[in-house]
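Enquirer: How does the following fold in three dimensions:
(chains A and B)
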Amino acid sequence: MAKAGAVFRDLPADLTADPAATTVLGLAGDTPVLLVAGPDASGVMTVSAVTDTWVETLWPLGPAPGGPATGRADLVATGDGRALVLIPGQALLLLDPLAEDEAQRTRQLRPGRARLPDRLFATGGGVTGLWLRSDGKTLLATVNARGTRDSGSDRAGPGLKPGQAVNLVLRDSAGHDVVVAEDHRTGFQIWRQEGPGNWAHLTGDGAARHGLNACVADGLLWGDRVVLATGSTAAVRQALPGMPLRGELIVLDPDGQLRLLAGELRISSTGLMVPELSAAAIKTLDPGHFSHLAVDDAGRLILAVVRRNGLTGLFAIAPDMTLTALADPCDTILGLVPDQTTPGRTEAVISR
Amino acid sequence: MARMLMLLAAPRSFSSLVSTMIGQHPEIYGFPELHLMMRETVGAVLRWERNCQRFLGPPGLLRAIAELDHGAQTAENVLTAANFLEDCADWKSADMMDYIMDRAAAATGAQFCLEKSPSITFLPNGLERVRQAWPDALYIHVTRHPVSLKKSMDEFVEASHRFTPEEKEVRMNNSMTAWPVTQRNILDFCATLAPGQYLRIRGEDVLADATGVMRQVAQWLGLRTDEAAIAAMLRPEDSPYASLGPVNAPFGNDPKFVASPVFRPGKPRLPPLDRFFETDEGQRMDPARRAYLSQLAHCLGYA
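Expert: As a prediction, this is how the structure comes out:
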């Protein structure tokens, strides 16, 4: 099903996917890979390749300790139709959907005796692994397609405080690593690398202005700016029924300044944060929270927005800040992935 | 005509200080607490004030009328103002508000008239009344840490002569109710406003960085942000309503503020919410209410 500027890919009818416990990890070749609870609602998480007609379990994770919504895996495409999938603490897989030999389509990589990374991220066209140490120190390094760490690329990441967990690593247009961490006590934290081992703590003056329970749901590089989608978690929304919680889009400019693309006016230590999107556009979006971001080949920022009334909409923001509705409303969107058949278009993987 | 600027804050949330500071901007006229929009008509306001033992009317409104219509806040002028309000009992409150806003703008050339009546945050109908009367009004939401607010409220109740000891005990044992109720009312109301129509500031940030916050408030309002304008905002004591009024309308602002209106910067220590949960009142809260209070506080940047 295609709507203007977007292609929607449905899930197979026999896949009972709970949107709250289903994550689109990304694409291996043309095949969406999902982290799913079930399909028998047993609570067992699986990494599964999914098309609109079939589901193939690639790796069983077992029950997530905190429930299905807390299961985690990272997928990074390696650029050759294959993808690395990290199941933290368990395995590093190489997915090759086009391999003729079925046994080669999912291979567990065993990169020597080196410890697997704790997280895996796509950065600047490559793959970056993050290792956590018990003292809160972190290590970033490039990971190659064989799953091996390139020790020549080792660099110290930001030190984390107890309770902080990295959920995003990006590389900005100047080649600086940007690290985003969840912190349920003080709000999300953002660091940008300024030099070897030197990290600027961009939220050091208080992420509290965005709410201590706000989290970063997604982030990417849009042109020369890092865009982060922030909002509240399902747990917060459950604790505050009917509360008019609004998601925001925060931008990190090449000069290291945090600005607001969409959200509430805000006082900050660096000056008044005024949203760049027009008031009319923000009103149109009316975001409860932004669930997913993507960039298409036309340079537009694609947003999946869950409204405060629970309905989902898919929108595009052009570089000149023009807002276009691609599908509004639409079914729940589980993820946004590049349309492999039509370059420049974005696919929305939806649930029913 | 000057534009309406409304400060929304729970009682005991630095509202007198912050409102007076913002009101000292050269292009803003800062009123004391007027209590006008709490009720639909002037007569209803007067009846409510009498129930609170303020027999002439809202002290802040009386002082404002005395100041603007009669040139000085004297006891005689307050009596004249009270008679005027009685004569206008059938006026809509919004019309009375327009009247004194016009007087303020004519006297000072103000671009905005700033009003704050914290009790209105308990009344969603009152907030809606403001919005209906001035669709283009701007709003500033001033927040305070819930535990600090409760402490201030308890001290206020303890020192008050209006309540019996039994009433004081009941109020102080349940004073944490005020914070979530008022904040939720304000947030729900502000969610109905257009983007950019309201700004939220933390009272603690005003204390810690008054110059920065005041400059950004002025910037948001499209007003002067030069040094002289901002410096004026740091002198709340210069407001005609920052000192004790005449004997028949002495306050109209927090008595503690009126007793000491000079701004003193500082970085208040914020007590953790967990400390409240260890108290008797906190222990009585069921888990859902505790989660509600915690997450609401977290939304506003308070731990």
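Enquirer: For chain A, what lies in contact range of chain B?
Expert: A:185-187, A:206, A:208-213, A:232, A:236, A:239-240, A:243-246, A:264-267, A:269, A:271-272, A:274-275, A:279, A:282-283 (CB under 8 Å from any CB of the partner chain). For glycine as for every other residue, the C-beta is placed from the backbone atoms N, C-alpha and C.
Enquirer: Got a quick ChimeraX command for the buried subset of those?
Expert: In ChimeraX, this line selects whichever of the residues of chain A next to chain B come out buried by 16 or more other CB atoms under 10 Å in any protein chain shown:
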select /A:186,187,208,209,210,211,212,213,232,236,239,240,243,245,246,264,265,266,267,272,275,282
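Enquirer: Just the residues of chain A next to chain B: which are in helices?
Expert: Among the residues of chain A next to chain B, the members falling in helices (DSSP state H) are A:236, A:239, A:279, A:282-283.
Enquirer: Report pLDDT for A:Val47.
Expert: According to the prediction, A:Val47 has pLDDT 80.
Enquirer: any idea how far it is from A:Thr106?
Expert: 9 Å (CB to CB, to the nearest Å).
Enquirer: which residues are common contacts for those two?
Expert: Counting by CB atoms under 8 Å, 6 or more residues apart in numbering or on different chains, the shared contacts of A:Val47 and A:Thr106 are A:58-59, A:93.
Enquirer: Can you add distance to B:Val181, neighbour count and pLDDT and give these back as a markdown table?
Expert: Putting the shared contacts of A:Val47 and A:Thr106 into a markdown table (distance: CB to CB, whole Å; neighbours: other CB atoms under 10 Å in any protein chain shown; pLDDT from 0 to 100) gives the following:
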| residue | distance to B:Val181 | neighbour count | pLDDT |
| --- | --- | --- | --- |
| A:Leu58 | 51 | 20 | 81 |
| A:Trp59 | 49 | 19 | 81 |
| A:Leu93 | 52 | 23 | 90 |
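Enquirer: Nearest to A:Asp150 among those?
Expert: A:Leu93 (19.2 Å; CB to CB).
Enquirer: other SSEs contacting the longest helix along chain B?
Expert: If you go by DSSP H, chain B has its longest helix at helix B:93-108. With contacts taken as 3 or more CB pairs under 8 Å, 6 or more residues apart in numbering or on different chains; DSSP states H and E, helix B:93-108 sits against strand B:28-30, helix B:42-51, helix B:59-70, strand B:112-116, helix B:124-133.
Enquirer: Go through the ones you listed and name the closest to A:Val76.
Expert: The nearest among the helices and strands packed on helix B:93-108, by CB to CB, is helix B:124-133 at 49.3 Å.
Enquirer: Surely B:Ile22 touches B:Glu115?
Expert: No - taking contacts as CB atoms under 8 Å, B:Ile22 lies outside contact range of B:Glu115: 11.1 Å.
Enquirer: what residues are shared contacts of the two?
Expert: Shared contacts of B:Ile22 and B:Glu115 (CB under 8 Å, 6+ apart): B:5, B:7.
Enquirer: on that earlier part again, redo the shared contacts of A:Val47 and A:Thr106 as JSON lines? Include secondary structure and distance to B:Ala291.
Expert: Shown next, in JSON lines, are the shared contacts of A:Val47 and A:Thr106 (DSSP: H, G, I helix; E, B strand; the rest coil; distance: CB to CB, whole Å):
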{"residue": "A:Leu58", "secondary structure": "strand", "distance to B:Ala291": "37"}
{"residue": "A:Trp59", "secondary structure": "strand", "distance to B:Ala291": "35"}
{"residue": "A:Leu93", "secondary structure": "strand", "distance to B:Ala291": "38"}
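Enquirer: ok, so of those, who is nearest chain B?
Expert: Closest approach between those and chain B, by CB to the nearest CB: A:Trp59, at 34.8 Å.
Enquirer: Of the residues of chain A next to chain B, which belong to strands?
Expert: A:Ser232 (DSSP state E).
Enquirer: roughly how far apart are A:Asp172 and A:Glu194?
Expert: As judged by CB to CB, A:Asp172 and A:Glu194 stand 11 Å apart.
Enquirer: same deal with B:Phe31?
Expert: 48 Å.
Enquirer: and the residue most central in space within chain B, what is it in contact with?
Expert: Centroid check for chain B by CA atoms, centre = their mean gives B:Lys116 as the closest residue, at 3.4 Å. Residues in contact with B:Lys116 (CB under 8 Å, 6+ apart) are B:6-9, B:15-16, B:19, B:31, B:33.
Enquirer: hmm, which of those are the buried ones?
Expert: B:6-9, B:15-16, B:19, B:31, B:33.
Enquirer: ok, and of those residues, which contact chain A?
Expert: Restricting these to contacts with chain A (CB under 8 Å from any CB) yields no residues.
Enquirer: Would you mind giving the residues you listed as a markdown table with pLDDT added?
Expert: Converted to a markdown table, the buried ones among the contacts of B:Lys116 look like this (pLDDT from 0 to 100):
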| residue | pLDDT |
| --- | --- |
| B:Met6 | 98 |
| B:Leu7 | 98 |
| B:Leu8 | 97 |
| B:Ala9 | 97 |
| B:Ser15 | 96 |
| B:Ser16 | 96 |
| B:Ser19 | 98 |
| B:Phe31 | 98 |
| B:Glu33 | 96 |
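Enquirer: Of these, which is the nearest to A:Arg300?
Expert: Closest approach to A:Arg300 among those (CB to CB): B:Leu8, at 37.4 Å.
Enquirer: May I have the beta-bridge partners of that closest one?
Expert: Taking DSSP bridges as the rule, B:Leu8 bridges to B:His141.
Enquirer: Check the spacing between it and B:Arg200 real quick.
Expert: Taken as CB to CB, the span from B:Leu8 to B:Arg200 is 9 Å.
Enquirer: next one: B:Arg284
Expert: From B:Arg284 over to B:Arg200 the distance is 30 Å, taken as CB to CB.
Enquirer: Between the two, which is the more surrounded one?
Expert: Relative neighbour count places B:Arg200 above the other of B:Arg284 and B:Arg200, with 20 against 11, counting by other CB atoms under 10 Å in any protein chain shown.
Enquirer: Point me to the residue of the stretch 51-200 of chain B nearest chain A.
Expert: B:Ala191 (3.3 Å).
Enquirer: The stretch 201-303 of chain B too?
Expert: Using CB to the nearest CB, the single residue of the stretch 201-303 of chain B nearest to chain A is B:Gly301, 3.4 Å away.
Enquirer: so what's A:Gly124 up against?
Expert: Contacts here follow CB under 8 Å, 6+ apart; on that basis A:Gly124 touches A:171, A:175.
Enquirer: what's the spacing between it and chain B?
Expert: 33 Å (CB to the nearest CB, to the nearest Å).
Enquirer: Excluding sequence neighbours, find me the nearest residue to A:Ala318.
Expert: Sequence neighbours aside, A:Arg300 is the residue nearest to A:Ala318 in space, at 5.3 Å (criterion: CB to CB, 6 or more residues apart in numbering or on different chains).
Enquirer: Understood, closing this out.
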